[in-house]
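1. turn this into a model:
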Amino acid sequence: MSTPAIQFLKQRRLPFEVVSYEHQEKGAEFAAKATGFPLARTVKTLVVAVVPKRNLLVLVPGDRQLDLKRLARALDAKKAGMADPITAERLTGYHVGGISPFGVRQALAVVMDRTILESEEVLINAGRRGVMLKMSPSVIRAGLNCMVAAVSD
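-> Next up, the predicted model:
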C-alpha cells in the first residue's frame, strides 16, 4: 500500500514503519487505542490558518491541545485559527482524519510542538485513515524542516 506520504518518505530515504489498524473513528485517541500505542506519542497533524493570510501544519501530541495564542506568538502573527475541513483537505490532498504532513498537495510550513522531540518514536498519519507511520521525531523534523516551538498545553 502506498500514499503520497509514503512515496515522499521513500524518495528521501527516510526511515519509517507502516502501522495499520481498522479505522472506525477519526482522532488520535482512537488511533492510539487501536494500535496499542501511547496517546502521548500519537501525533496529530493540524491545518492552521494564520493572520496575515497563510496556512501551515502543526504537529501536536495526541494527549495535548494546540494553544492557538502560543502558536501566533511563536510565529509573530496577529492570530491563528483552525482551518475548516474543506480547506484542510484542499491544501493537503488528504481527508480529515488521515492528514499527513508528508507529501501534501501544497507546500506548507510545519511547526512541531517541542514535546514531540522527547519521544524516541511516534506514530504519525500516513495519509490514509487507518494507516500510521512509526518514526523518530528527529527524522520527521529533518524531513519536513520543522520549526520547533512550545505550542500546546
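2. just the helices in this structure please.
-> Chain-ordered helices for the chain, with DSSP state H as the definition, fall at 4-11, 28-35, 68-75, 85-92, 137-144.
3. what's the least confident stretch among those?
-> Per-stretch mean pLDDT for those is lowest at helix 28-35 (a mean of 91).
4. can you pull the buried residues of that one?
-> 28, 30-32, 34-35 (16 or more other CB atoms under 10 Å). Any C-beta I mention is one placed from the backbone N, CA and C, and that applies to glycine too.
5. which helices and strands does the helix or strand of the chain with the lowest mean pLDDT pack with?
-> Of all the helices and strands that make up the chain, helix 28-35 has the lowest average by mean pLDDT, DSSP states H and E, namely a mean of 91. Using 3 or more CB pairs under 8 Å, 6 or more residues apart in numbering; DSSP states H and E, the elements in contact with helix 28-35 are strand 42-51, strand 122-128.
6. of the helices of the chain, which is nearest A150?
-> The closest of the helices of the chain to A150 is helix 68-75. By CB to CB, the value is 6.4 Å.
7. quick one, that closest one and strand 42-51 angle?
-> 70 degrees (axes from the mean of the first three to the mean of the last three CA atoms, to 10 degrees).
8. and the contacts of helix 68-75?
-> Under the criterion CB atoms under 8 Å, 6 or more residues apart in numbering, residues 48, 50, 56, 58, 77-82, 111, 147, 149-153 lie in contact with helix 68-75.
9. the same query, at a cut-off of 7 Å, please.
-> Contact with helix 68-75 is made by 48, 50, 58, 78-81, 111, 149-151, as judged by CB atoms under 7 Å, 6 or more residues apart in numbering.
10. report the buried residues of that helix.
-> By neighbour count, and taking 16+ other CB under 10 Å as the criterion, the buried residues in helix 68-75 are 68, 70-72, 74-75.
11. identify the bridge partners of the residue most central in space within the chain.
-> The geometric centre of the chain, computed from its C-alpha atoms, lies nearest to T45 (CA atoms, centre = their mean), at 2.4 Å. According to DSSP bridges, the residues that bridge with T45 are L59.
12. list the residues that contact it.
-> 57, 59, 99-101, 124-125.
13. of the residues you listed, just say which sits nearest to P15.
-> Looking at the contacts of T45 and their distance to P15, the nearest is I124, at 13.0 Å (CB to CB).
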